[in-house]
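Chemist: Here is a sequence together with a model predicted from it:
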Amino acid sequence: MIIGKTDLGEFPVLLAPLEDITDSAFRNICRMHGADMVYTEFVSSEALVRSAVKSSNKMLFDNTERPVGIQIFGNNADAMKNAAILAAENNPELIDINFGCPVRKVAMKGAGAALLQNIPLMVAITGEVVKAVSLPVTVKTRIGWDENSKVIVDVAERLQDVGIQAITIHGRTRAQMYAGVADWTLIGEVKNNPRMKKPVIGNGDIDSGPKALEMFSQFGVDAIMIGRAAIGNPWIFNDIKTFLQNRRINPLPDLSERVSVCLTHLNLAIEKKGEYKGIIEMRKHYAGYFKGLPGFKKVRMDILTQKSYIEIKNILNILISGNSFGNH
Ligand SMILES: Cc1cc2nc3c(=O)[nH]c(=O)nc-3n(C[C@H](O)[C@H](O)[C@H](O)COP(=O)(O)O)c2cc1C
């Protein structure tokens with residue numbers, strides 16, 4: 001799949017944008033484990049044009065994360081255009097527009113998935129953003145607002161007409177939020193629409209190599225994007241690639257590998273946000289890294305009270321040496 005000047009190879013596996021999860025530290029970790037492209041958390045265009053520091057910081061990334069997309073959201077064409085110009089100053093590989101976020105604080109303000117109820121505005125915003133920057137612009141959205149308005153086949157074409165270079169589709173409606181299972185049929189219809197020339201990236205519920213293979217072969221998408229299944233499990237990218245290449249299932253990472261990657265992640269978080277904030281932000285990742293490890297709940301409680309890297313490292317190292325719970 002090629003987007004603009006970026007060649008992502010065949011069957012690329014991308015890390016989805018995830019608010020409060022896919023910060024620079026986690027994006028680096030996922031790139032180290034085979035993610036072919038990563039995206040920032042979504043950034044509010046309104047906040048960016050107000051020069052909110054927190055939002056500008058969300059657009060920062062390391063060269064080691066490339067290829068990277070900066071994702072912006074909003075419902076005002078002017079603000080989105082200006083936000084895109086600000087995002088472009090960081091020179092990412094692409095700028096992605098979020099038209100899929102279902103959460104109240106975004107959709108009830110007319111942004112994110114709410115634009116699926118106002119297609120003319122969605123198309124207008126996209127056209128303005130495309131004209132404002134020389135970088136490729138892509139869109140991430142859902143199949144429709146609700147069961148009665150699954151408009152994605154038409155919408156994808158209209159967005160292509162105003163210049164998007166790829167579209168990512170999460171196979172749920174806004175009304176579904178994250179419930180039920182993703183319906184990939186419409187993603188396949190977009191891909192098979194003979195008028196659709198730009199790459200289609202499929203997203204929703206992929207959590208293993210076999211599932212990834214099924215989606216690539218059944219729906220013919222150009223790439224897949226992984227969200228929740230990567231949390232605490234950055235190995236998923238290489239797992240999927242191994243399976244796609246030679247139908248092999250990689251062994252699960254052992255405890256020392258988990259600890260090592262978790263500590264690298266913690267180190268990066270501290271490097272980027274300072275020890276206090278890095279340690280707090282890392283808290284949401286431990287359960288994922290040590291999922292299924294007997295007795296980890298108690299260890300986690302212990303980690304959550306620690307305030308320094310060294311203390312957390314010691315607790316995790318005791319875990320490996322078996323003094324606490326033994327290897328698994
Ligand atoms: C905690 C969380 C945060 C998310 N934040 C964003 C976001 O900032 N931008 C976006 O486009 N989608 C966001 N999403 C949606 C995901 O990118 C993805 O489309 C969705 O989780 C479905 O993919 P999955 O089944 O692989 O998780 C978020 C999802 C979750 C669970």
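Modeler: Cool, the structure landed.
Chemist: Only C-alpha atoms from now on, for both contacts and neighbour counts.
Modeler: Will do.
Chemist: and the protein, which of its residues are near the ligand?
Modeler: Selection of the chain residues close to the ligand by C-alpha under 6 Å from any ligand atom yields 16-19, 41-42, 98, 100-101, 140, 170, 203-206, 226-229.
Chemist: Give me the buried entries from these.
Modeler: With neighbours counted using 16 or more other C-alpha atoms under 10 Å, the residues of the chain next to the ligand contain these buried positions: 16-18, 41-42, 98, 100-101, 140, 170, 203-206, 226-229.
Chemist: ok, now which ones touch the residue in the stretch 1-150 of the chain that the ligand sits nearest to?
Modeler: Relative to the ligand, the nearest point of the stretch 1-150 of the chain is L18 (3.3 Å; C-alpha to the nearest ligand atom). By C-alpha atoms under 8 Å, 6 or more residues apart in numbering, the contact list for L18 reads T40, E41, F42, G227.
Chemist: Identify the residues contacting the second one.
Modeler: So the one you mean is E41. P17, L18, E19, D20, I21, T22, D23, K58, I70, Q71.
Chemist: Specify the local secondary structure of C30.
Modeler: Applying DSSP: H, G, I helix; E, B strand; the rest coil to C30 yields a three-state assignment of helix.
Chemist: neighbours around it, how many?
Modeler: 27 (other C-alpha atoms under 10 Å).
Chemist: Do you have the helices of the stretch 1-150 of the chain handy? List them.
Modeler: 24-32, 45-49, 53-58, 77-88, 104-107, 119-132 (DSSP state H, counting those that start in this stretch).
Chemist: elements contacting the fourth one?
Modeler: Applying 3 or more C-alpha pairs under 8 Å, 6 or more residues apart in numbering; DSSP states H and E, one finds that helix 77-88 makes contact with helix 45-49, strand 68-73, strand 94-99, helix 119-132.
Chemist: May I see the buried residues of stretch 205-225?
Modeler: 205-210, 212-213, 215-216, 219-225.
Chemist: rewinding a little: identify the farthest-apart pair in the contacts of L18.
Modeler: Farthest apart among those by C-alpha to C-alpha are F42 and G227. That separation is 13.4 Å.
Chemist: Overlap in contacts, these two.
Modeler: Common neighbours of F42 and G227 (C-alpha under 8 Å, 6+ apart) are P17, L18.
Chemist: Out of the contacts of E41, flag the one nearest to A88.
Modeler: I70 (8.5 Å).
Chemist: Next, count neighbours for the closest one.
Modeler: Neighbours around I70, by other C-alpha under 10 Å: 27.
Chemist: you'd agree it is up against N91?
Modeler: No - look at I70 against N91 with C-alpha atoms under 8 Å: they stay out of range, at 9.2 Å.
Chemist: where exactly do the strands run in this structure?
Modeler: All strands of the chain, identified by DSSP state E, fall at 2-3, 6-7, 13-15, 38-39, 43-44, 68-73, 94-99, 137-144, 166-173, 200-203, 223-226.
Chemist: other SSEs contacting the last one?
Modeler: For strand 223-226, the helices and strands in contact under the criterion 3+ C-alpha pairs under 8 Å, 6+ apart are strand 13-15, strand 200-203, helix 209-219.
Chemist: Run through the residues that contact G34.
Modeler: By C-alpha under 8 Å, 6+ apart, the contact list for G34 reads V13, W235, F237, N238, K241.
Chemist: try it again with 10 Å
Modeler: P12, V13, L14, L15, P234, W235, I236, F237, N238, D239, I240, K241 (C-alpha atoms under 10 Å, 6 or more residues apart in numbering).
Chemist: try N250
Modeler: N250 neighbours (C-alpha under 10 Å, 6+ apart): G209, W235, I236, N238, D239, I240, K241, T242, F243.
Chemist: V162 now?
Modeler: V162 neighbours (C-alpha under 10 Å, 6+ apart): V123, A124, I125, T126, G127, E128, V129, V130, K131.
Chemist: Same question for P17.
Modeler: 23, 27, 38-42, 69-71, 96, 98, 140, 225-228.
Chemist: any idea how far M196 is from K272?
Modeler: Per C-alpha to C-alpha, to the nearest Å, K272 is found 40 Å from M196.
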